[in-house]
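Trainee: Got a predicted structure plus its sequence, pasted below:
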Amino acid sequence: MSESRLWDDVDAYFTTHLSPDDDALAAARRESDAAGLPPVNVTATQGKLLQLLAQIQGARTVLEIGTLGGYSTIWLARALPADGGRLVTLEYNARHAEVATRNIARAGLDALVDVRVGPALESLPKLADENPPPFDLVFIDADKGNNPHYLEWALRLTRAGSLIVVDNVVRGGRVADADDTAADVRGTRAAIEMIGSHPRLSGTAVQTVGGKGYDGFALARVLA
Ligand SMILES: C[S@@+](CC[C@H](N)C(=O)[O-])C[C@H]1O[C@@H](n2cnc3c(N)ncnc32)[C@H](O)[C@@H]1O
């Protein structure tokens, strides 16, 4: 059996027992596929991890950068208290945001979730101008070249003790190549190095295998 087939089988087994899609999550995937959105959402086991992180964090407020069809949004929003919880999710593509808005409403989460359309680097200053309460968790999962800018914004919009999660930091292993000039690799390396050197951050990165192949994520705690 090939290694990746093995990863798929193990992920399917874990998903069946630990993080099966319910109707709303399955519908979110199905409607995203039907609308032609790229299948680059987190896996179910990763969605459950995000939900657990938000719960461990006691999160009341979550900021997500990169909505797609709202699959990760639903996992995260379900960790929030029904009274007073809030999730703001930023999406560049109006079509993706439209599909996500329907998926989130079908999951009964529209009162908690605010989908904002536009380039995140335009939405973030507008969000900051509203002086929102600090976000307890930020999930960064959009255009990887802008990861260091998203990390800067996450620092401005969080508090000591907040958690920042950056997805897809392995880039097929290219993240280790200092000579790779691709925007995604440069952006990811800059974010990793910023987590390592910033006085307000303590973080790590974890390589993963599973239904989406070889990947990984970074976690950073805001210190002050
Ligand atoms: C990997 S997908 C997000 C997947 C989603 N978090 C999930 O797991 O279900 C990345 C999304 O970021 C969006 N995106 C790309 N560039 C962006 C930008 N500059 N601002 C906001 N969103 C952007 C893409 O349109 C895409 O929908």
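Mentor: Received the coordinates, thanks.
Trainee: So which residues of this protein form strands?
Mentor: 61-65, 86-91, 113-117, 135-140, 158-167, 201-210, 213-222 (DSSP state E).
Trainee: can you put these in TSV and add mean pLDDT, distance to the ligand and mean neighbour count?
Mentor: C-beta: built from backbone N, CA, C; applies to glycine. Shown next, in TSV, are those (pLDDT from 0 to 100; distance: least, Cβ to the nearest ligand atom, whole Å; neighbours: other Cβ atoms under 10 Å):
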stretch	mean pLDDT	distance to the ligand	mean neighbour count
strand 61-65	99	6	27
strand 86-91	98	5	25
strand 113-117	98	9	19
strand 135-140	98	7	26
strand 158-167	98	7	20
strand 201-210	97	13	16
strand 213-222	96	11	19
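Trainee: Make CSV out of the ones you listed and add distance to residue 20.
Mentor: Formatted as CSV, these follow (distance: least, Cβ to Cβ, whole Å):
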stretch, distance to residue 20
strand 61-65, 22
strand 86-91, 22
strand 113-117, 22
strand 135-140, 21
strand 158-167, 21
strand 201-210, 15
strand 213-222, 21
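Trainee: Out of these, the one nearest residue 101 is which?
Mentor: Of all these, strand 113-117 sits nearest to residue 101, with 5.2 Å by Cβ to Cβ.
Trainee: what sits up against that closest one?
Mentor: Under the criterion Cβ atoms under 8 Å, 6 or more residues apart in numbering, residues 67, 70, 73, 77, 86-92, 94, 97, 100-101, 104, 123, 127 lie in contact with strand 113-117.
Trainee: Name the strands paired with that strand and say parallel or antiparallel.
Mentor: The strands beside strand 113-117 in its sheet (DSSP bridges) come out as strand 86-91 (parallel).
Trainee: the inter-axis angle of the partner strand versus strand 61-65?
Mentor: Angle, strand 86-91 to strand 61-65, by axes from the mean of the first three to the mean of the last three Cα atoms, to 10 degrees: 10 degrees.
Trainee: For strand 86-91, give me every contacting residue.
Mentor: Against strand 86-91 from outside (Cβ under 8 Å, 6+ apart): 60-68, 70, 73, 76-77, 80, 97, 100, 109, 112-118, 120, 123-124, 127, 132, 135, 142.
Trainee: got it, and stretch 19-32?
Mentor: Residues external to stretch 19-32 that are found in contact with it (Cβ under 8 Å, 6+ apart): 39, 41, 44-45, 47-48, 68-71, 74-75, 99, 102-103, 106-108.
Trainee: if we can go back for a sec, out of the strands of the chain, flag the one nearest residue 3.
Mentor: With Cβ to Cβ as the criterion, residue 3 lies closest to strand 201-210 of those, at 7.8 Å.
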